[in-house]
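Enquirer: Build me a structure from this.
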Amino acid sequence: DELIGIFFEDISSAADGGLYAELVQNGSFEYSPTERDGWGSATAWRFVRPGHSLGYLEPRMDASLHENNPTYMRLHVERVGHYYDFDGWTGIGISNNGFDGIRVKAGAQYHFSAFLRNAGGEAKAVRVVLSVPQGRGKAAKVLAEGTVAVGTADWQKYQITLTPSEDAERAQLQLLVLTKGELDVDMVSLMPADTYKGHGLRKDLAEALEGLHPKFMRFPGGCIVHGGGDGFWNTYRWKTTIGPKEQRRPLKNTWGYHQSMGLGYYEYFQFCEDLDMEPLPILPCGVSCQGTNGGWGMKDYAQDAVPMSEMDEWVADAIDLIEWANGDPATSEWARLRAAQGHPKPFNLKYLGIGNEERISPEFEERFQYMYERVTKAHPEIIIVGTAGPGSHAGNPDYENGWKLAEKIGLPIIDEHYYEPNRYFLSS
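Expert: Just a heads-up that it's a prediction; the model follows:
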């Protein structure tokens, strides 16, 4: 009754721009050339200055909102225009069209939020606008708008609700500063009020997954678990994906884009609860993907391993995750963090995966067994799921070595990875 489930990985824009309902792309200004050549903090944004306003845009990292989210934008307003534009717009600002356009529905509510700071001059009036471009030389059609006043010199979160007057497939969100001086902007967000069970996921995609009636969900990957081909610096660490979203640490996405971590471990567990699925989180075990630097030929040099002297950190990540998911907020520091996010009751985690289709090298075996023994000793009630590498057939050395290790240590469940056409499963 728990055999059939789903495997979610942030690939093909499955999270940002997909299941995660956020409509603004790069709202934290953390895109970088490390993630994709040509990217930068202003990727997905346009600098706008209607009404013959004068000023400029400056990415900064000093006095940031949070160390995990260091980049923000400063808008310098030297002159506010005189309403010469077609519809009376003026000011200095930025515009975002989301993931190939922001899709909105007439009469639906959309929650705008941003962290803003008055960085110089008098209090700032900031106009927030949902509009649809009408082509070169034509005024954009305004669908919804509101204004916020920013007086404080400290970071503060501002929120308004926008209700579009009509449907639009490719709307844009604009922030326009209407007052001379400097304004700092970070963590810009536009979320539909109507998400799946109110938990921040797109209703249509979440309902499609619900229709599969899955009994478990494996997450967050895939090669994302151990940083794919990028090394340990890009390893997915669950602790940096929980808590307030402005404090989460974004990562380069193995598959060529960005992970904002708006869809983090809390949201994964919440989704499992909403769909009555068993959560199956997969943790790294101190061994990198053998695809590092393009080494998918399974060469020995392509796989790196942390020193055994550092393995207790990776063990602690696993034990702390169990405490976060299942612990009592009255006695557990990690459980209190879960409760602070809005879930005082435990998530009742039963299964925990260690490793994701790594090459079953001697280094992997040593580190996997080290983690397995210590996690099992600390939490014998948790069922550990192992891995048989990226193969699924006898004769494949990783498949065979994975099974030998499983039998040696009495592993209860092993995860075989099948890269086969659908006819293989229908005819076997």
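Enquirer: Which residue is the nearest non-sequential neighbour of the residue nearest to the spatial centre of the chain?
Expert: In the chain, the centroid-proximal residue (C-alpha atoms, centre = their mean) is Met261; its distance is 2.3 Å. Leaving out its chain neighbours, the residue that sits closest to Met261 by C-beta to C-beta, 6 or more residues apart in numbering is Arg248, at 4.1 Å. Every C-beta, even on glycine, is put in place using the N, C-alpha and C of the backbone.
Enquirer: just for the stretch 301-428 of the chain, where's the confidence low?
Expert: Applying pLDDT under 70 to the stretch 301-428 of the chain flags the ranges 301, 428.
Enquirer: do the chain as well
Expert: In the chain (pLDDT under 70), the answer is 82-88, 137, 291-301, 428.
Enquirer: Check the secondary structure at Arg170 for me.
Expert: strand (DSSP: H, G, I helix; E, B strand; the rest coil).
Enquirer: Run a quick neighbour tally on it.
Expert: 13 (other C-beta atoms under 10 Å).
Enquirer: for Trp403, same thing?
Expert: Trp403 has 18 neighbours, counted by other C-beta under 10 Å.
Enquirer: Restrict stretch 111-130 to CA atoms and write it as PDB.
Expert: Extracted C-alpha coordinates of stretch 111-130, given in PDB (Å, rounded to 0.1, in the frame of the first residue of the first chain):
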ATOM      1  CA  HIS A 111      -0.200  39.400  -2.500                       C
ATOM      2  CA  PHE A 112       2.700  41.700  -3.200                       C
ATOM      3  CA  SER A 113       5.500  42.000  -0.600                       C
ATOM      4  CA  ALA A 114       9.000  43.500  -0.600                       C
ATOM      5  CA  PHE A 115      11.700  44.500   1.900                       C
ATOM      6  CA  LEU A 116      12.300  48.200   1.500                       C
ATOM      7  CA  ARG A 117      14.700  50.700   3.200                       C
ATOM      8  CA  ASN A 118      14.900  54.500   2.800                       C
ATOM      9  CA  ALA A 119      18.600  54.900   2.100                       C
ATOM     10  CA  GLY A 120      18.600  58.700   1.800                       C
ATOM     11  CA  GLY A 121      16.400  61.700   1.600                       C
ATOM     12  CA  GLU A 122      12.800  62.200   2.600                       C
ATOM     13  CA  ALA A 123      10.200  59.400   3.000                       C
ATOM     14  CA  LYS A 124       9.600  57.600  -0.200                       C
ATOM     15  CA  ALA A 125       6.300  57.000  -2.000                       C
ATOM     16  CA  VAL A 126       6.600  53.800  -4.000                       C
ATOM     17  CA  ARG A 127       4.000  52.900  -6.600                       C
ATOM     18  CA  VAL A 128       3.400  49.100  -7.200                       C
ATOM     19  CA  VAL A 129       1.700  48.400 -10.500                       C
ATOM     20  CA  LEU A 130       0.500  45.300 -12.400                       C
END
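Enquirer: going forward can the numbers begin at 39, since that is how I track them
Expert: Okay, residue one is now 39; in that scheme the one you just asked about reads as stretch 149-168.
Enquirer: Report the distance from that stretch to the chain centre.
Expert: Relative to its chain's centre, stretch 149-168 lies at 25 Å (C-alpha atoms, centre = their mean, to the nearest Å).
Enquirer: Then stretch 256-271?
Expert: With C-alpha atoms, centre = their mean, you get 13 Å for stretch 256-271.
Enquirer: Any buried residues in it, and which?
Expert: 256-268, 270 (16 or more other C-beta atoms under 10 Å).
Enquirer: Over to stretch 60-76?
Expert: Residues 60-69, 73 are the ones in stretch 60-76 that count as buried (16+ other C-beta under 10 Å).
Enquirer: before we move on, what about stretch 415-430?
Expert: Neighbour count says stretch 415-430 has 417, 420-429 buried, by 16+ other C-beta under 10 Å.
Enquirer: Just give the number of residues close to Val413.
Expert: By other C-beta under 10 Å, the residues close to Val413 number 23.
Enquirer: so who does it touch?
Expert: By C-beta atoms under 8 Å, 6 or more residues apart in numbering, the contact set of Val413 is 353, 356-357, 360, 390, 392, 420, 422.
Enquirer: what's the answer for Ser50, then?
Expert: Listed by C-beta under 8 Å, 6+ apart, the contact set of Ser50 reads 56, 293.
Enquirer: That one belongs to a strand, doesn't it?
Expert: No. Assigned with three-state DSSP, Ser50 falls outside any strand and is coil.
Enquirer: coming back round to it: pick out whichever of the buried residues of stretch 415-430 sits closest to Ile49.
Expert: Closest approach between those and Ile49, by C-beta to C-beta: Pro428, at 15.2 Å.
Enquirer: from memory that closest one sits against His455, does it?
Expert: Yes. Counting by C-beta atoms under 8 Å, Pro428 does reach His455; the two are 5.3 Å apart.
Enquirer: which neighbours do the two share?
Expert: Residues touching both Pro428 and His455 (C-beta under 8 Å, 6+ apart) are Glu395.
Enquirer: contacting residues for the residue nearest to Met299?
Expert: Counting by C-beta under 8 Å, 6+ apart, Arg286 touches 106-107, 278-280, 298-300, 302.
Enquirer: let's see 7 Å
Expert: By C-beta atoms under 7 Å, 6 or more residues apart in numbering, the contact set of Arg286 is 106, 278-279, 299, 302.
Enquirer: Out of those residues, who's the most crowded?
Expert: For these, neighbours were counted by other C-beta under 10 Å; the highest total belongs to Met299, with 27 neighbours.
Enquirer: and that residue, what does it touch?
Expert: Contacts here follow C-beta under 7 Å, 6+ apart; on that basis Met299 touches 279, 286-288.
Enquirer: which among these gets closest to Ala177?
Expert: Among those, Pro288 lies closest to Ala177 (C-beta to C-beta), at 35.2 Å.
Enquirer: hang on, the closest one packs against Glu68?
Expert: Yes. Counting by C-beta atoms under 7 Å, Pro288 sits close enough to Glu68 to count as a contact (4.9 Å).
Enquirer: picking that back up, and the buried residues of stretch 256-271 as TSV, adding distance to Gly184?
Expert: As requested, the buried residues of stretch 256-271 are arranged in TSV below (distance: C-beta to C-beta, whole Å):
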residue	distance to Gly184
Arg256	41
Phe257	36
Pro258	35
Gly259	38
Gly260	40
Cys261	42
Ile262	37
Val263	41
His264	44
Gly265	41
Gly266	41
Gly267	44
Asp268	40
Phe270	44
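Enquirer: Noted, bye for now.
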